[in-house]
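Participant: Below are the sequence and a predicted model; questions follow.
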Amino acid sequence: MEERRLNRKAVALLSGGLDSALAIYLVKRQGVDVTAVHFTSFFSPLGSINEDSPVRSLAQQLDVPVVEMAKERDFLDLIRNPKFGLGKNLNPCIDCRIYTFRKAKTLMEELGASFIVTGEVVGQRPMSQRKDTIRLIEKQADCTGIVVRPLSAKVLPPSLPETAGMLDRAQLLDITGRGRKVQTKLAAEIGLRGYSPPAGGCLLTDPIFSRRLRAVLEDTRDPSPEELELLRVGRHIRFRSGLRVVVSRNEMENQRLESLSGAGSLYFPVGFPGPTALAIGIPDSEEEALIGALVRRYTKASSRRDTIGAQRPGSPERFLSVSAVADDEWIAAHMI
């Protein structure tokens, strides 16, 4: 990007966490006109922006408009085939960062802005926030020189907005590593509050969630939104390729499975309190009996009865007589 095209307008990635909020503060206090962008996906614990969202609260405190952008279905293909590999679980951190930078750059150009701001800290994350990968990500996203990282600016080569005089490098910071003392102190000084904790990151870094998603991606090329939502709910048991069963853990999850029942077949206790199960795939008669046995297994022994209801989308309700209780060893071997 030529220096003559640079201006004091920027797009800033706002996750809902402290680092991204402070990055916005540090450039905004230098007179930069900032528009925040928040990326949503099935794998973000914060989800869409609402009145109670940390993203909404931070945007209001920082006095910046915020745009919500979704990581779309092509993001699933990125998870399946990441060019730069996965982390310990299903987290394609480098490819994900390239993906979000490309989208942020598109928004930047639409708004007539000239650079991107992020809350990245050198050395904070092992895959995407090393100095070498930072350069790689910028190059792959066609964003070389136009990404400003205010929290670590002084330990990185100057960005184009700095060299062009749009930003005073002396007012930026030199934070590295995983510590948060500098950030929390600055947040206290400026009265910033309501940000999400650092542990509330991407669900793709969670081993259990990743195992469940891997099974979904193996079973179907184009999972429905309901199937992806189910990854956050209940106990997941994989009978075989093409058949997974989710068993609720409480009444709230019973209701959640009922609301997502369009994704599969619902099984529920009749005449006694117990869990609901949702089967993704088509079970045969023996597998249906085993699903009923799962429902009975997770019902208190004193409450068990042998009638289980079954409801497939578009079909009348049926009733199954089930006397068995699923074996714990079998469950352990098939739990995902």
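Facilitator: That came in fine, so what should we check first? In this text the structure is predicted, and so the values were computed from the model without any measurement. Residues are numbered from 1 along each chain as shown.

Participant: Give me the contacts around the helix or strand that contains Leu22.
Facilitator: Here Leu22 is covered by helix 18-28, with elements defined by DSSP states H and E. When contacts are taken as C-beta atoms under 8 Å, 6 or more residues apart in numbering, the neighbours of helix 18-28 outside the stretch itself are 10, 12-14, 34, 36, 58, 61-64, 117-121, 124, 148-151, 167, 171-173, 180, 183-184, 186-187, 190, 192, 195, 198. All C-beta atoms are positioned from the backbone trio N, CA, C, and that covers glycine.

Participant: what comes into contact with the helix or strand just after it?
Facilitator: Of the helices and strands lying after helix 18-28 in sequence (DSSP H and E), the nearest is strand 33-40. Here strand 33-40 makes contact (C-beta under 8 Å, 6+ apart) with 8-16, 24, 27-28, 46-49, 55, 59, 62, 64-71, 100, 103-104, 107, 111, 113, 117.

Participant: Give the PyMOL command for selecting the buried subset of the residues you listed.
Facilitator: Per 16 or more other C-beta atoms under 10 Å, the buried members of the contacts of strand 33-40 correspond to this PyMOL selection:
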select buried, resi 8+9+10+11+12+13+14+15+16+24+27+28+46+49+55+59+62+64+66+67+69+71+100+103+104+111+113+117
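
Participant: Pull up the gap between Arg125 and Asp168, please.
Facilitator: Between Arg125 and Asp168 the distance, using C-beta to C-beta, to the nearest Å, works out to 27 Å.

Participant: What of Leu228?
Facilitator: Applying C-beta to C-beta to Leu228 and Asp168 gives a distance of 44 Å.

Participant: before we move on, what about Leu203?
Facilitator: Between Leu203 and Asp168 the distance is 38 Å, computed by C-beta to C-beta.

Participant: Compare neighbour counts for these two and give me the winner.
Facilitator: Leu203 (21 against 10; other C-beta atoms under 10 Å).

Participant: Torsion angles phi and psi at that one?
Facilitator: According to degrees, to the nearest 10, the main-chain angles of Leu203 amount to phi -70, psi -20.

Participant: who touches it in this structure?
Facilitator: Counting by C-beta under 8 Å, 6+ apart, the residues that Leu203 touches are 43-45, 209, 231-232.

Participant: Name only those of the contacts of helix 18-28 that count as buried.
Facilitator: Buried members of these, scored by 16+ other C-beta under 10 Å, are 10, 12-14, 34, 36, 58, 61-62, 64, 117-121, 124, 148-151, 167, 172-173, 180, 183, 186-187, 192, 195.

Participant: Next, check the residues you listed against the strands and list the overlap.
Facilitator: Among these, the members falling in strands are 10, 12-13, 34, 36, 117, 148 (criterion: DSSP state E).

Participant: May I have the phi/psi pair for Leu14?
Facilitator: According to degrees, to the nearest 10, the main-chain angles of Leu14 amount to phi -120, psi 110.

Participant: I'd like the distance between the residue nearest to it when sequence neighbours are not counted and Met69.
Facilitator: Of all residues beyond its chain neighbours, the one nearest Leu14 is Ala36 (3.9 Å), with distances taken as C-beta to C-beta, 6 or more residues apart in numbering. Applying C-beta to C-beta, the value for Ala36 to Met69 is 11 Å.

Participant: for Arg102, same thing?
Facilitator: Using C-beta to C-beta, Arg102 is found at 11 Å from Met69.
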